[in-house]
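Visitor: sequence first, predicted coordinates after that:
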Amino acid sequence: MTSPYAKELEVAQLAVQRAALLTKRVFHEKAKGTVSKDDKSPVTVGDFGAQALIISALQANFPADEIVAEEESAQLRADPSLRDQIWEHVRSTRLDDAASEEAVLGGAVKDAEAMLDLIGQGNSQGGARGRIWAIDPIDGTKGFLRGGQYAVCLALMVDGDVKVGVLGCPNLPVNDSAALTADIGANQTDDEGRGVIFSAVIGQGATSRPLGSGALAKGQKISMKPITDLSSASFCESVEAGHSNQSESAQIAQKLGITKPSVRMDSQAKYGSIARGAGDIYLRLPTSKTYQEKIWDHAAGDLIVREAGGQVTDTTGSRLDFSVGRTLASNRGVIAAPAAIHSQVIKVVQEVLGQK
Ligand SMILES: Nc1ncnc2c1ncn2[C@@H]1O[C@H](COP(=O)(O)O)[C@@H](O)[C@H]1OP(=O)(O)O
Ligand SMILES: [Mg+2]
Ligand SMILES: [Mg+2]
Ligand SMILES: [Mg+2]
């Protein structure tokens, strides 16, 4: 008997691998076709192109499933030159493994118009019922533009619960035991020895494997590092001070007895890094009373960390609730840590946030 979600996992991994090939090409281009969205955040040819390729693969395999994706197609319909730049990448990005390209991912997108339609298919409102995929085609677009970390993220939720999660991290070291250092978030590239896919299926553990461009390598099990002594622990957080409160995180770390400075890196690469024991704790502390975290920014990472032996909650200690729409409207911030110390971390988080 094949294991549950085997087909979903295979499609998700290959779809993420192919989308990452596209983002890697754009990463090395000087002009990345960057435009500003209504909320002032950046989006590039890479984000749109990766979203089109992933949705194409999902629709070829699971036509009845809903999709919640970050990007919209409206802006592109009004900008033919940007559309053509994206189409050039979507048209020409193929897996090296031609058999998987056709038989698993369903082959090429027909034309630029079909590509725009695909990008627009990620408009589900989410919710607690049925099969819903969450896509962040480039998470950490600011890191992507700066030359830091970024991730191609895909997760399947069934009735509001994350069942499959895949993160493609082109700029992280392949080696799971490469410890997190402060420079990991800066000046990174996808040279030799870099690029990893993290995956998890509910109840089946978490794995990592080289991202590569050929047939998928066999995965190896990953697990969080057991911590006995918090003074030797490390924690990671966003590079962007506007995404996570970095002075509160420093106070929390100090109270926990953590002596190392935080490792700042963009994207869900943080979840993958602690899941494989390269770091220990991920703190994401709200910077505004109104910002609601998006489900595509957390779904894959949440499952990968939990399947690796971690616990993921918000700052109040509640599990992340992916069943309430496109955002995590019932949660505030994110705290991810090995299960054995998670409650100790939450206690200190509440002491520090409670002082405000
Ligand atoms: N005020 C905010 N608080 C937390 N996260 C934010 C905020 N504004 C944007 N983000 C999101 O944080 C994610 C990146 O996280 P990190 O800093 O850890 O790499 C992006 O998906 C970004 O969304 P967006 O795509 O709208 O820019
Ligand atoms: Mg994101
Ligand atoms: Mg994004
Ligand atoms: Mg974005």
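Guide: Received it, and whenever you're ready, just let me know what you need. Ligands and ions are numbered 1, 2, ... in the order given.

Visitor: can you map out the helices along the stretch 151-300 of the chain?
Guide: Listed in chain order, the helices of the stretch 151-300 of the chain (DSSP state H, counting those that start in this stretch) span 246-256, 269-275, 299-307.

Visitor: tell me which of those sits nearest to ligand 1.
Guide: For ligand 1, the closest of these is helix 269-275, at 6.4 Å, according to Cβ to the nearest ligand atom. C-beta here means a position set from N, CA and C on the backbone, and glycine is covered the same way.

Visitor: is that closest one anywhere near ligand 3?
Guide: No. Remark: helix 269-275 sits outside contact range of ligand 3, by Cβ under 5 Å from the ion, the gap being at least 12.8 Å.

Visitor: and that helix, anywhere near ligand 2?
Guide: No. Residues of helix 269-275 contacting ligand 2 under Cβ under 5 Å from the ion: none, with a closest distance of 11.2 Å.

Visitor: then stretch 62-74?
Guide: No. Using Cβ under 5 Å from the ion, stretch 62-74 stays clear of ligand 2, coming no nearer than 6.3 Å.

Visitor: okay, buried residues for that stretch please.
Guide: By neighbour count on 16 or more other Cβ atoms under 10 Å, the buried set for stretch 62-74 is Phe62, Asp65, Glu66, Ile67, Val68, Ala69, Glu70, Glu71, Glu72, Ser73.

Visitor: residues contacting the third one?
Guide: When the contact criterion is Cβ atoms under 8 Å, 6 or more residues apart in numbering, the partners of Glu66 are Ser124, Gly126, Gly130, Arg131, Ile132, Trp133.

Visitor: okay if I get the residues you listed as CSV plus distance to Ala215?
Guide: As requested, the contacts of Glu66 are exported to CSV (distance: Cβ to Cβ, whole Å):
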residue, distance to Ala215
Ser124, 31
Gly126, 33
Gly130, 32
Arg131, 27
Ile132, 29
Trp133, 23
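
Visitor: at the contact with ligand 3, which residues of the stretch 51-200 of the chain appear?
Guide: Checking the stretch 51-200 of the chain against ligand 3 by Cβ under 5 Å from the ion, the hits are Glu70, Asp136, Ile138, Asp139.

Visitor: which of those lies closest to Lys347?
Guide: Distance to Lys347 across these (Cβ to Cβ) is lowest for Asp139, with 29.3 Å.

Visitor: residues near that closest one, how many?
Guide: 28 (other Cβ atoms under 10 Å).

Visitor: show me the beta-bridge partners of it.
Guide: Asp139 has these beta-bridge partners by DSSP bridges: Ala151.

Visitor: identify the residues contacting it.
Guide: Per Cβ under 8 Å, 6+ apart, neighbours of Asp139: Tyr150, Ala151, Val152, Cys153, Asp266, Ser267, Gln268, Trp296, Asp297.

Visitor: near ligand 2 too, which of the residues you listed?
Guide: Near ligand 2, by the rule Cβ under 5 Å from the ion, you find Asp297 out of the contacts of Asp139.

Visitor: of the contacts of Asp139, which pair is most distant in space?
Guide: Taking Cβ to Cβ, no two of the contacts of Asp139 sit farther apart than Asp266 and Trp296, at 14.8 Å.

Visitor: domains in this protein, by residue range?
Guide: Domain assignment for the chain by automatic domain parsing gives 6-222, 230-353.

Visitor: for the chain, longest strand please?
Guide: strand 161-173 (DSSP state E).

Visitor: same list (the domains of the chain) but as TSV, adding mean pLDDT and distance to ligand 4.
Guide: Converted to TSV, the domains of the chain look like this (pLDDT from 0 to 100; distance: least, Cβ to the ion, whole Å):
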stretch	mean pLDDT	distance to ligand 4
domain 6-222	95	5
domain 230-353	97	9
